[in-house]
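S.K.: Structure of the sequence below:
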Amino acid sequence: MVRSTISNVNYPENYSIIERDNNVITNMYEVEYVVLPQAKELVPEELEPGEIKTIQIALGQLTGTQRNKDFVIKPIYVINEGRTMARIGYYEIRKDELEGEDIALEDMKEPLMFMYEGIRRFLEAPSEKKVEEMVEEKVEEMVEEKVEEMVEEKVVEKVGEKVDEKVIETIEEEKEEEKEDEEKEEEEKDEEINDSVPEPENKEPILKELDTYKDYESIEFVKHVPKMANQLYDPNTIFRFYSKSKDNVDAGKGKDESISESSLSKYDFSGFEFVKKLNRTKELDFNSWRKKLSNFWKAKFKLDGKTWMSVEHYYQASKYKKSKPELYASFSVDSGTPLSNDPLLAKKEGRKHEPDPDFFQVDKDTGIKRADYEMYLGQYAKFTQIPSLKKMLGATGDAGLKHISRGIPDILFENLIVIRHLIQTNKI
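M.R.: Numbering: from 1, shown residues only. Sure thing, here's the model as predicted:
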């Protein structure tokens, strides 16, 4: 077992290659692996504990975890003679560090690696030439033997090319059954995810509760945002976005987007169909509207006595507001640093330092994480201080606004849905 460095999760040393990574692993890296004392009896004689061995690795796709929803993992595979041999560890990445783009290897924290004795057999797997020799020796005797007796991995593939058609068909049938089982498992996981999202209830009680608040930036109000958001959008109307969304796709026409008949009867989305109607409607404020919903969109706003170029700048900076005030200030426009003008640089810098101890912790008194509260404050300031963005957000009707992230389900931007309702009802 290997233990997470950012949670209480333990990962089993499972060396199998995840099915969806089989045909997508392209980039390879050379890394150094330190031989541990426990591995001495199984490592080559010329290597002593503490010595370093250079190995080739490749990275798989991002995937979520069942026990902790706040971060994702990226499998690490060992490469031998250009072939992906086995899974040997993971990189862990917090969800708040994702923005639709993949993460470079150099930006990741230290990996969680399996023990050397477990991966050594994959590093010393037989060469292609040796595999061919083994195939030639086995073909004649394997034709009439059962598929279960075939040698594993590469030998199975080579022998399969030369045995009779019946054996090959049997192999294909077994692969098909395995694929169907995996697809069924994926469907069950999707159902679990969908079941976890509550259906919108009667809006009247939540609207009455919302009317009891006057300070829409208070912690007391923000802690109710998730409950409010789930009752303030039509689940059959979905708009998806991220920082690099295409500009030439009408609202509701993007991949996995939709607009219900109910939404169409209540809201006019013509302003978003700028490809066909921009010159007639003159709704220039709606151009690149999907990108503008992203935290990476550059639009100056003021918060905490400072000016910020984007929500991403404020959020990353707020990780250090208490313990590192000078670093916190360096993210602001007022500092004049190169970092203060580039959301990507802000995101990278925000991952390099230890955040305030309470940033990702649930406050016992308020019941919410400070990270969630700071994110809300940044988004609230952005969409209330800039008139064009305020108008654009209000015009998204009752659509569910979902952020696209690689390797994990889309994230419902609950803050924007509640802020939008406050705009639409003239409360702000």
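
S.K.: what pairs with I411 across the strands?
M.R.: H403 (DSSP bridges).

S.K.: Wait, it touches K402, no?
M.R.: Yes: with contact defined as Cβ atoms under 8 Å, I411 counts as touching K402 (6.5 Å). For the C-beta atoms, the positions are set from N, CA and C on the backbone; glycine is no exception.

S.K.: quick one: which of the two has more around it?
M.R.: K402 (20 against 14; other Cβ atoms under 10 Å).

S.K.: which non-adjacent residue is nearest the more buried one?
M.R.: D410 (3.9 Å; Cβ to Cβ, 6 or more residues apart in numbering).

S.K.: Low-confidence stretches in this protein?
M.R.: 23-27, 32-53, 65-68, 98-107, 115-172, 174-209, 268, 270-285 (pLDDT under 70).

S.K.: now do 80
M.R.: For the chain, residues meeting the criterion pLDDT under 80 lie at 1-2, 5-9, 22-55, 63-70, 79-85, 95-110, 113-213, 247-248, 266-287, 406-407.

S.K.: That one: strands as residue ranges?
M.R.: For the chain, the strands defined by DSSP state E cover 2-3, 10-11, 28-34, 52-59, 63-64, 71-80, 83-94, 112-113, 234-241, 301-303, 306-308, 399-403, 411-412.

S.K.: Pairing partners for the second one, with directions?
M.R.: Strand 10-11 has its sheet partners listed here by DSSP bridges as strand 2-3 (antiparallel).

S.K.: contacting residues around the partner strand?
M.R.: With Cβ atoms under 8 Å, 6 or more residues apart in numbering as the test, strand 2-3 has contacts from 9-11, 13, 89-90, 112-114.

S.K.: And those residues, which of them are buried?
M.R.: If you count burial by 16 or more other Cβ atoms under 10 Å, the buried members of the contacts of strand 2-3 come out as 9, 11, 89-90, 112-114.

S.K.: ok, so of those residues, who is nearest V31?
M.R.: Closest approach to V31 among these (Cβ to Cβ): M113, at 9.3 Å.

S.K.: That closest one reaches R87, doesn't it?
M.R.: No: proximity of M113 to R87 does not meet the contact threshold set by Cβ under 8 Å, at 10.7 Å.

S.K.: any shared contact partners between these two?
M.R.: I76.

S.K.: which residues does the spatially closest residue to K319 that is not a sequence neighbour contact?
M.R.: Using Cβ to Cβ, 6+ apart and skipping residues adjacent in sequence, the residue nearest K319 is P355, 3.8 Å away. By Cβ under 8 Å, 6+ apart, P355 lies in contact with 319-320, 323.

S.K.: want to try a markdown table for the contacts of strand 2-3, with distance to E217 as columns?
M.R.: Converted to a markdown table, the contacts of strand 2-3 look like this (distance: Cβ to Cβ, whole Å):
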| residue | distance to E217 |
| --- | --- |
| V9 | 34 |
| N10 | 40 |
| Y11 | 40 |
| E13 | 47 |
| G89 | 43 |
| Y90 | 38 |
| L112 | 39 |
| M113 | 44 |
| F114 | 47 |
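
S.K.: just curious, which of these is nearest to K292?
M.R.: Taking Cβ to Cβ as the measure, Y90 is the one of those closest to K292, at 34.6 Å.

S.K.: which residues touch the closest residue to the closest one other than its chain neighbours?
M.R.: Closest residue to Y90 apart from its sequence neighbours, by Cβ to Cβ, 6+ apart: I73 at 4.5 Å. I73 makes contact with 11, 62-63, 65, 90-93, according to Cβ under 8 Å, 6+ apart.

S.K.: Look up the residues forming beta bridges with I73.
M.R.: T63, E92.

S.K.: what does K302 give?
M.R.: T307.

S.K.: need the contact list for it.
M.R.: 308, 381, 385.
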